[in-house]
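Engineer: Sequence plus the predicted model coming up.
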Amino acid sequence: MLGVVTYLVTTSSEEPPLPTVDAGSEQASTPGVAEPGDVAPDFSAAGLDGGSVRLAEFRGQPVILNFWASWCNPCRREFPLLRDVHESDGVVVVGVVINDIPSDAAAFVDEFGATWPQALDDDGKIARAYGVRAPPQTLFIGPDGVIRDRMYGITSDEAFLRRVRTLD
């Protein structure tokens, strides 16, 4: 089932509205998937910690949205860098667990000391809205909610940090 992109009503005319991933419909009002230059689709999903994660809660802050899985070796290599960025001031990291068993993902998060929010994308709707087919994939979202860049797979620490600096 394809997730729907709809628009939220915002109170500010200065920021574009956040499209949302809607689990209840099969038609999309916006064709395609989110790309750099687009407003990042909002989502609300169960969190790995038992709570919930909603992307819109971080509006106004730069966000690194990282799609990952515990069985993904490149994800293992990039998690320490994500942890370092998360622990620095001003950048929010949000993980999206795709194609994984929740208990395996929880063990992975514990192993790497990941304290940032982790959304469970059990049905793949979030990944489809962002055009993610396999982990790792990372999107760099500005404080205005607009996707600034996309990184497929893993790259050098320098290239990753260069993308983070574009979020100011």
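Structural biologist: Sure, I can see it.

Engineer: If you count neighbours, what's buried in stretch 42-58?
Structural biologist: Buried residues in stretch 42-58, counting neighbours by 16 or more other CB atoms under 10 Å, are found at 42-48, 53-55, 58. Just so you know, the C-beta spots here come from the backbone N, C-alpha and C atoms, and that holds for glycine as well.

Engineer: Revised request: answer the last question for stretch 154-168.
Structural biologist: By 16+ other CB under 10 Å, the buried positions in stretch 154-168 come out as 154, 160, 163-164, 167.

Engineer: want to throw those into CSV with distance to residue 128 and pLDDT?
Structural biologist: Conversion of these to CSV gives the following (distance: CB to CB, whole Å; pLDDT from 0 to 100):
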residue, distance to residue 128, pLDDT
154, 22, 84
160, 24, 91
163, 23, 92
164, 26, 91
167, 24, 88
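
Engineer: can you give me the strands in the chain?
Structural biologist: 4-7, 19-22, 44-46, 52-54, 63-68, 92-97, 118-120, 137-141, 147-152 (DSSP state E).

Engineer: Quick check: residue 75 vs residue 119, distance?
Structural biologist: Noted for residue 75: a distance of 15 Å to residue 119, by CB to CB, to the nearest Å.

Engineer: Also residue 42?
Structural biologist: 11 Å.

Engineer: With residue 47 instead?
Structural biologist: Noted for residue 47: a distance of 6 Å to residue 119, by CB to CB.

Engineer: Report the set of residues contacting both of the two.
Structural biologist: Counting by CB atoms under 8 Å, 6 or more residues apart in numbering, the common neighbours of residue 47 and residue 119 are residue 53.

Engineer: quick one: low-confidence parts of this structure?
Structural biologist: In the predicted model of the chain, residues 1-32 satisfy pLDDT under 70.

Engineer: all helices for the protein, in order.
Structural biologist: In the chain, the segments counted as helices under DSSP state H are 73-87, 102-112, 125-129, 157-165.
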